[in-house]
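Visitor: predicted structure and sequence below. I'll ask about it afterward.
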Amino acid sequence: MKRTIAFCMMIFLLVGCGTTQVPSEQATTQKNEVVYSNLTDTASQKEVTEILESHGVTKQQTETLISWAEDFNKRVTSEPLPSGFQPMQGDGVKYDGLVIDYKELSDGDIIPEANCRLTSYLLMQNMIQTNQKQVENDTFLIFDIEAIDMYEQFRLPKEQRNDFISLFNWVSVDGTSTLEEHKENIQKAWADREIHIQGDDISLISVYLHSAFDAVRFIGHTGVLVETDNGLVFVEKYGPRFPFQATKFQDREQLKTYLLHRTDLYGEASELEPIIMENDAFL
């Protein structure tokens, strides 16, 4: 199976990197500049959690987010992640040299890291409804479901577990060959599963990748987008081995450029380009 387990899964083969620390107050605020934070300091944590809570995310949910971020950040053993919001160099952040200590059980088994889907659902779970219809044998969710079922920090009640699976299940594109046909199949899948996301200027961003080998579209990356008076804030777990990240964009075009800049979105030549959705609409 080619690229069967996506970059955002609970795999441990990816590496990432710390960036040079620059004092937060030195970050410039030029127009159209993109800045990001890895939630390593109290000020950025407070700013991001207040934004999320003002848009319907509960304090309990934001406290869990910060506890996950702090747990990850304290296990970084390479160059420390920067403090505060920092200017993004180019169209993305490089984590090529990041090294972390793994958490282990007494029997030596490694405890999985939070990934993008688990993090997004943590923040959006109260705003998501489905009819809980599920696709059987979704290989792209096996690590997510294992984390939910086996590890207390990711555990979900049965109804929310079913909503999670229905929301993130793959979409068949068997018998199709064009981007428009793929979009139609995604829309049909959302309608068939009766997926509804309701929030006040807060939305779920989903990046559907194409596995030509499996003839499916799957959500290879996802994050939570919040509208503020000063632009957009995008909250994500960059990857299982990568940090939590909150990024400020001026508009959705900047966000789209940032998302499509990731090299791990692209596989074989037979795969069609990524499809980005904001809730049930295409971005």
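Guide: Yep, it's here. Bear in mind the structure is a predicted one, so any value in this text is a computation, not a measurement.

Visitor: any idea how far the residue nearest to the spatial centre of the chain lies from S270?
Guide: What sits nearest the mean C-alpha location of the chain, by Cα atoms, centre = their mean, is C116, with 2.9 Å. The gap separating C116 from S270 is 25 Å, by Cβ to Cβ, to the nearest Å. For every residue, glycine as well, the C-beta is placed using N, CA and C.

Visitor: just T40 next, same as before
Guide: Applying Cβ to Cβ, the value for T40 to S270 is 40 Å.

Visitor: burial count for D251?
Guide: D251 sits with 10 neighbouring residues when counted by other Cβ atoms under 10 Å.

Visitor: I meant to write L225 there.
Guide: Using other Cβ under 10 Å, L225 is surrounded by 24 other residues.

Visitor: from L204, how far off is it?
Guide: For L225, the distance to L204 equals 8 Å [Cβ to Cβ].

Visitor: what is in contact with these two at once?
Guide: E278 (Cβ atoms under 8 Å, 6 or more residues apart in numbering).

Visitor: okay, now the sheet partners of the strand ranked longest in the chain, with direction.
Guide: Taking DSSP state E as the criterion, the chain has its longest strand at strand 216-228. Strand 216-228 pairs in its sheet with strand 171-172 (antiparallel), strand 202-211 (antiparallel), strand 231-237 (antiparallel), by DSSP bridges.

Visitor: nearest to R161, out of those strands?
Guide: With distances scored as Cβ to Cβ, the stretch of those nearest to R161 is strand 202-211 (17.3 Å).

Visitor: where do the helices of this protein begin and end?
Guide: 42-53, 59-74, 116-124, 142-150, 158-168, 179-193, 252-260 (DSSP state H).

Visitor: let me have the fifth one in PDB, keeping just the CA atoms, if that works.
Guide: So that's helix 158-168. C-alpha atoms of helix 158-168 as PDB (Å, rounded to 0.1, in the frame of the first residue of the first chain):
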ATOM      1  CA  LYS A 158     -19.200   6.300  22.600                       C
ATOM      2  CA  GLU A 159     -21.300   8.900  20.800                       C
ATOM      3  CA  GLN A 160     -18.400  11.300  20.300                       C
ATOM      4  CA  ARG A 161     -16.100   8.400  19.300                       C
ATOM      5  CA  ASN A 162     -18.600   7.600  16.600                       C
ATOM      6  CA  ASP A 163     -18.900  11.200  15.500                       C
ATOM      7  CA  PHE A 164     -15.100  11.400  15.300                       C
ATOM      8  CA  ILE A 165     -14.900   8.300  13.000                       C
ATOM      9  CA  SER A 166     -17.800   9.500  10.800                       C
ATOM     10  CA  LEU A 167     -16.200  12.900  10.400                       C
ATOM     11  CA  PHE A 168     -12.700  11.700   9.500                       C
END
